[in-house]
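Engineer: what follows is a predicted protein model with its sequence.
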Amino acid sequence: MKIIGIGSAMPSLAVTNEMLSVFLDTNDEWISSRTGIKQRRIISKDSLKELAAQASLQAIEDAGLTPKDIDFILCSNTVNNFVVPAFSCIIQGEIEAACPCMDLNVACSGFMYALFIADSLIETGKAKNILVLCAEEASRIVNWNERDTCVLFGDGTAAVVLTEGDSFKSHHLSAHSKVEPLYYQRKLEYNPFMKNADGDAPLVMKGKDVFKLAVSSSMSDIKTVLTKANLQIDDIDFFLLHQANMRIIEAIRDNLKQPVEKFPHNIEKYGNTSSASIPILLDELYREGKLEKGNKVVFSAFGAGFTSGAAILEWTK
Ligand code: UT7
């Protein structure tokens, strides 16, 4: 499998740390020093649907294809206001594609899982051109009165088009059921036969636990994909890590003993955009001309579940 097209679309509203301190007991110094985030984009006048369609069309055009050439759409999405139909079906209609599509929800690891499924479909000849879309609107699941969670997240969308090739060198996925450290529970309709009604809980997070799980899972995944690809750590040109917290990125970098330049980041501009964070960063590097043919790139993400995944690819675009 190889990447032949990339696109991203971000909400127009940039919400700075100062803007949050108007209604929350927080400040730029705390948020910047604990997370590296200076601002995040939040959906206001735009909609997730419009942004997701825009990112998808950009990726398809970048691939030199039309929506009719796409024969499978995989959409990583944690939340949107439709439970049914799948968000991928809504986007399929928006971009006028005509192929099977499905959503997957693996929280922030969704891009890694979608790549894995895409690779399997391409390898078995079941699909030729696959659109992987990550469309995330975390601003709708955080509690905007809770300073320890809402300051971390942002909204955003990004997409890649994949086709047959030998760019991806190895993948690794993992999942260990651990709900407590990070969850969002929504209230469902009343069922007269149930003894206990469901509660609801806007995003609940044990930050320190997530921090430790993130560093250990990413370290372990990166070592596994290096071994699977028969590569050494120094062979890698770029590590594109899930943009959750600058201190998590620094901890992984220090553990791997690799130079700062190998860890591009944009968390300062966008916050944690869940599964969209790696493809948004990839799109940015690509458009800025920072990726060269032959570069070896590691992707590594982690999220609620607890799930994680990593992959190594050789940049061929
Ligand atoms: O995709 C995965 C998503 N999640 C993550 O990646 C989160 C991983 N964890 C983290 O990034 C960090 O644990 C946090 C940034 C969430 C928190 O950093 P921390 O160094 O673990 O801080 P803390 O939770 O220990 O809080 C320290 C203090 C507390 O006050 P007290 O109890 O010491 O008086 C908090 O109430 O900071 C306070 N605090 C804040 N103060 C100002 C928490 N949030 C804020 C805030 N502004 N926004």
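Structural biologist: All right, it came through fine. All values reported here derive from a predicted model rather than from experimental measurement.
Engineer: next, the residue lying closest to Phe72 once chain neighbours are set aside: secondary structure please.
Structural biologist: Ranked by C-beta to C-beta, 6 or more residues apart in numbering and with sequence neighbours excluded, the top spatial neighbour of Phe72 is Ala127, at 4.2 Å. C-betas here are computed from N, CA, C, even on glycine. Three-state call for Ala127 (DSSP: H, G, I helix; E, B strand; the rest coil): coil.
Engineer: now the residue nearest to Leu13 when sequence neighbours are not counted: how far from Tyr183?
Structural biologist: Nearest non-adjacent residue to Leu13, counting by C-beta to C-beta, 6+ apart: Ser44, 4.4 Å away. Counting by C-beta to C-beta, to the nearest Å, the separation of Ser44 from Tyr183 is 26 Å.
Engineer: same deal with Pro259?
Structural biologist: Taken as C-beta to C-beta, the span from Pro259 to Tyr183 is 36 Å.
Engineer: ok, those two, which is more surrounded?
Structural biologist: Tyr183 (16 against 8; other C-beta atoms under 10 Å).
Engineer: what's around the residue in the stretch 101-250 of the chain that the ligand sits nearest to, how many residues?
Structural biologist: In the stretch 101-250 of the chain, no residue comes nearer to the ligand than Gly207, which is 2.7 Å away by C-beta to the nearest ligand atom. When neighbours are counted by other C-beta under 10 Å, Gly207 registers 15.
Engineer: pLDDT score for it?
Structural biologist: The model reports Gly207 with a pLDDT of 95.
Engineer: do the same with Ala175
Structural biologist: Ala175 is given a pLDDT of 97.
Engineer: just give the nearest non-adjacent residue to it, would you?
Structural biologist: Thr307 is the one closest to Ala175 (C-beta to C-beta, 6+ apart), at 4.7 Å.
Engineer: now for that neighbour: which residues touch it?
Structural biologist: By C-beta atoms under 8 Å, 6 or more residues apart in numbering, the residues touching Thr307 are 106-109, 113, 173-176.
Engineer: I'd guessed Ala311 sits against Phe299; true?
Structural biologist: Yes. Using C-beta atoms under 8 Å, Ala311 is in contact with Phe299, at 4.9 Å.
Engineer: give me the common contacts of these two.
Structural biologist: With C-beta under 8 Å, 6+ apart, Ala311 and Phe299 have common neighbours 112, 115.
Engineer: could you point out the longest helix in this structure?
Structural biologist: helix 207-229 (DSSP state H).
Engineer: what's in contact with that helix?
Structural biologist: 148, 169-172, 174, 178, 180-182, 232-233, 236, 239, 241-242, 244-245, 247-248, 251-252, 255-256, 298, 300-302, 306, 308-312.
Engineer: what does stretch 40-56 give?
Structural biologist: So stretch 40-56 is contacted by 7-15, 67, 73, 75, 80, 87, 90-91, 94-95, 131, 133, 135, 137, 139-140, 153-159, 269-271, 273 (C-beta under 8 Å, 6+ apart).
Engineer: restrict the residues you listed to those near the ligand?
Structural biologist: The subset of the contacts of stretch 40-56 within reach of the ligand, counting by C-beta under 6 Å from any ligand atom, is empty.
Engineer: so Phe111 sits against Ser76, correct?
Structural biologist: Yes. Using C-beta under 8 Å, Phe111 is in contact with Ser76, at 5.8 Å.
Engineer: need the residues touching each of those two.
Structural biologist: 132, 134, 275-276.
Engineer: from these, which land in strands?
Structural biologist: 132, 134 (DSSP state E).
Engineer: between which two of the shared contacts of Phe111 and Ser76 is the distance greatest?
Structural biologist: Within the shared contacts of Phe111 and Ser76, Val132 and Ala276 form the most distant pair, 10.8 Å apart (C-beta to C-beta).
Engineer: any shared contact partners between the two?
Structural biologist: Between them, Val132 and Ala276 share the contacting residues 76, 111, judged by C-beta under 8 Å, 6+ apart.
Engineer: quick one: which of the two has more around it?
Structural biologist: Ala276 (36 against 27).
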